[in-house]
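K.L.:
please work out how this folds:
(one chain, ligands or ions: 2)
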Amino acid sequence: MNKIKEIKDFLISCRCVLLRYNPIRSECGLVKIGNPSSASPVFVSGNYFHTVKRIEKELRGLDCYLLVCDSAGINVWCASGVCDFNEHKIADAVNSTGLSGIVCHRRLILPLLCASGVNLGALEKECGFKGVFGPADFRDIKKYVNGGFKLNPQMRLVRFAFAERYYNAFGMFAVFLLPVIALKIIAGKKHEGKIHFLLLMNFLNIFSNFMLYDRLPFKYPANNSLFIGAIIQSAIAAYSVFKKPFKLASFLFYSLSAFAINFLVSIDMLGSTPFYKTTIAHWLASGDNKSLFQPLISKDLCSGCGSCAQVCPKGLFTETGGSISVDYSRECCECLACVKQCAAGAIKNKNGRTFKDDIKSIENIDQIMI
Ligand code: SF4
Ligand code: SF4
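P.N.:
Ligands and ions are numbered 1, 2, ... in the order given. Okay, here's the model as predicted:
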């Protein structure tokens, strides 16, 4: 029976990877891992099916609880920024599972990447449980537990590891595949060569981008995509010139369709996070996809609590002896977790009003504009 469930879960996970824009929700509730007691830790996750299964697998060997909360079936990082995962969703899960009668402590370990959407003070008021942020990557959970529930600076940083890139490449390829399949159905055998070419372009652009993400010469992923596009265009031009007779209409079709696919992939690569770091206009004008949000700490308001340093997934903040400094050489991804967790409202945007501003979980966004 367990084997059948594992196979079913695996197939659903494959479906999640292939159609990532249409995520599958896992059932919300409290999952027992091992033989937990009333003193066992409680880890919190969203209800994106694929992630829940991966976390359950990662937690094997520990005795703990996994509290699966409604995140609209989206990963917590994306969901937190758009108010689909917040303190209310977690409190709902705590109350509906009767967690306070199951464990004797009042502590929840939250994924660090939900810091842009969860107000810890409000969470405690709403359900009596105190939230603490655990590792950004669930693959660090065992290290975190074995290290006495302490985060080292590396565990706070978001990673875009090979496995994620591989999943994303498949997911994106599946999305780009749909219009090609539609074309194939409409055009039938008549334009088979051209349709196979579009398929090849999709495959080459997407997989070379994701797999060579950190191997190509340019700093920004979107510019690496254009670099790949330039190589492909050169190959198309060379092929067209040497193929006799040269047909201008075919050359234009191959060249323009390859450019269009490459440009769409480049736009997707503007951000290596769920949110684009910058605006398309800024990327086209400047060639960089740096975030236009640059945290500036108002010394008058800052209490030196260190919360911003604890939640920044890009490591921009350093805390030394109660004083916080910002390292602008590190790239901000505009998640606004620092702003959300700064109770003093001390973080402003150095660039004033100009930033992408697609995070919806900050109650008073005007407070950060200077
Ligand atoms: S979170 Fe706000 S108050 Fe706390 S150290 Fe950072 S800037 Fe200062
Ligand atoms: S500095 Fe940038 S990356 Fe770091 S928490 Fe703030 S918005 Fe997010």
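
K.L.:
buried stuff in whatever helix or strand Asn168 lives in?
P.N.:
For Asn168, the host element (DSSP states H and E) is helix 162-187. By 16 or more other Cβ atoms under 10 Å, the buried positions in helix 162-187 come out as 165, 167-177, 180, 184. In this view, the C-beta of every residue, glycine as well, is placed from N, C-alpha and C.

K.L.:
who does it touch, helix- and strand-wise?
P.N.:
Here helix 162-187 touches helix 2-18, helix 192-211, helix 248-268, going by 3 or more Cβ pairs under 8 Å, 6 or more residues apart in numbering; DSSP states H and E.

K.L.:
quick check: the residue in the chain sticking out farthest from the centre vs Phe251, distance?
P.N.:
The C-alpha centroid of the chain is most remote from Pro245, which lies 47.9 Å away (Cα atoms, centre = their mean). Distance, Pro245 to Phe251, using Cβ to Cβ, to the nearest Å: 11 Å.

K.L.:
could you do Ser38 as well?
P.N.:
Distance from Ser38 to Phe251, counting by Cβ to Cβ: 71 Å.

K.L.:
pLDDT weak spots in the stretch 1-150 of the chain?
P.N.:
Where the stretch 1-150 of the chain drops to pLDDT under 70, the residues are 1, 16, 20-21.

K.L.:
re the thing from before, with distance to ligand 1 as added columns, please give the buried residues of helix 162-187 in a markdown table.
P.N.:
Formatted as a markdown table, the buried residues of helix 162-187 follow (distance: Cβ to the nearest ligand atom, whole Å):
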| residue | distance to ligand 1 |
| --- | --- |
| Arg165 | 32 |
| Tyr167 | 33 |
| Asn168 | 31 |
| Ala169 | 36 |
| Phe170 | 38 |
| Gly171 | 35 |
| Met172 | 35 |
| Phe173 | 40 |
| Ala174 | 40 |
| Val175 | 38 |
| Phe176 | 41 |
| Leu177 | 44 |
| Val180 | 48 |
| Lys184 | 54 |
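
K.L.:
can you report how many residues lie near Met211?
P.N.:
By other Cβ atoms under 10 Å, 13 other residues sit near Met211.

K.L.:
quick one, domains of this structure?
P.N.:
Following automatic domain parsing, the chain resolves into domains at 2-156, 162-272, 295-368.

K.L.:
mind putting those in CSV, distance to His282 included?
P.N.:
Shown next, in CSV, are the domains of the chain (distance: least, Cβ to Cβ, whole Å):
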stretch, distance to His282
domain 2-156, 19
domain 162-272, 9
domain 295-368, 9
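
K.L.:
much appreciated, bye for now.
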